[in-house]
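Chemist: Fold the following for me, if possible:
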Amino acid sequence: MTTDTSKKLRVTVLAGGPSAEREISLASGGAVAEALRRRGHDVFVADVGPNLLDALDHEADVVFPALHGTFGEDGTIQRIMEQRGICFVGSGSRASATAMNKVAAKKIAIKIGVPTPAFEVVTPPERPKLSVPVVVKPIAEGSSVATTIVHDAALLDETITGVAGTYGQALVEQFMPGDELTVGFLGDQTLPPIRIRPNREFYDYQAKYHDDRTEYLFETGFSQPLLARAATLSRHVFAALECRHLARIDWIVGDDEELWFLEVNTLPGFTSHSLVPKAAAKIGIPFDELVERLVRMAMEDHS
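Modeler: I've put the predicted structure just below:
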């Protein structure tokens with residue numbers, strides 16, 4: 001069954017949410033809503049949270065969760081919508097939960113033969129076995145929230161304790177020098193890879209959303225075999241996690257063009273700095289059309 005692409009739709013856009021990425025979600029949601037209005041759709045925008053689910057009662061053909069981080073991207077809101085039989089954009093609850101949990105995603109990557117940096121989950125007062133430099137981060141946060149590269153062994157325990165104090169445990173990952181490469185997906189379509197060069201130590205929250213000096217390079221300087229391998233392995237990860245509609249797979253490329261899988265973003269941003277819209281525009285899919293395609297994709301899968 002196919003959907004009528006000329007039909008005016010009632011779309012609920014969820015924006016905000018309770019996570020540390022609320023600010024970015026509000027920006028993403030606003031941009032998505034305006035795009036859908038320009039396409040002629042009836043758009044309702046609402047905040048959402050564990051005790052704020054009224055938006056899901058609003059009559060709609062499809063919900064676009066422009067949400068990032070906990071509750072909105074970790075499978076929680078997706079599970080609620082599935083239980084209510086709601087048509088929505090993005091991966092289902094199981095894929096969302098697995099992708100958000102960096103340890104679970106890494107284990108799947110390892111299982112299908114995709115290389116990822118060595119890692120440990122540490123609960124203080126336990127000490128990590130990995131030696132510095134390492135990356136210390138929460139297991140299930142996005143946008144590099146609370147992420148630190150530790151070069152000094154004397155600071156490692158303190159950094160782990162800080163993350164674990166907020167999140168219960170810390171993911172300690174071997175630091176791999178190199179530039180970040182990201183591969184986006186729009187349904188079955190692989191988007192052009194982007195090499196990211198922040199003007200900071202790494203691609204942290206500030207570099208992602210506020211620093212206009214961050215470079216996003218389609219002319220990556222990497223070899224074609226490397227880019228082809230990144231696209232193929234990204235698709236393998238996308239499929240293994242059972243993602244749908246859209247996602248962004250992040251990698252580190254070492255000096256010898258060795259690829260290291262970092263994480264999967266099942267609801268990547270829709271702001272002026274966001275990578276999936278940039279990659280889609282590169283192949284002639286402007287922002288408004290990108291958003292429209294995602295809504296139609298969701299309806300097609302739900303029909």
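Chemist: okay, CA-based contacts and neighbour counts for the rest of this
Modeler: Fine.
Chemist: pretty sure residue 280 is touching residue 289, no?
Modeler: No - checked against Cα atoms under 8 Å, the pair residue 280 and residue 289 is beyond contact range at 9.4 Å.
Chemist: and the two? which has more neighbours close in?
Modeler: residue 280 (21 against 16; other Cα atoms under 10 Å).
Chemist: Next one: the more buried one, what pLDDT does it get?
Modeler: On pLDDT, residue 280 comes in at 97.
Chemist: Now it. Nearest residue, chain neighbours left out?
Modeler: residue 191 (6.3 Å; Cα to Cα, 6 or more residues apart in numbering).
Chemist: what are the ranges of the helices in the stretch 151-300 of the chain?
Modeler: 156-167, 205-209, 224-240, 275-282, 287-302 (DSSP state H, counting those that start in this stretch).
Chemist: picking up where we left off before, what's near enough to touch the residue nearest to residue 280?
Modeler: 183, 184, 185, 276, 279, 280, 283 (Cα atoms under 8 Å, 6 or more residues apart in numbering).
Chemist: ok, now with 10 Å
Modeler: 182-185, 231, 248, 276-283 (Cα atoms under 10 Å, 6 or more residues apart in numbering).
Chemist: picking that back up, export the helices of the stretch 151-300 of the chain to JSON lines and tack on distance to residue 145?
Modeler: Output for the helices of the stretch 151-300 of the chain, formatted as JSON lines (distance: least, Cα to Cα, whole Å):
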{"stretch": "helix 156-167", "distance to residue 145": "10"}
{"stretch": "helix 205-209", "distance to residue 145": "6"}
{"stretch": "helix 224-240", "distance to residue 145": "23"}
{"stretch": "helix 275-282", "distance to residue 145": "18"}
{"stretch": "helix 287-302", "distance to residue 145": "26"}
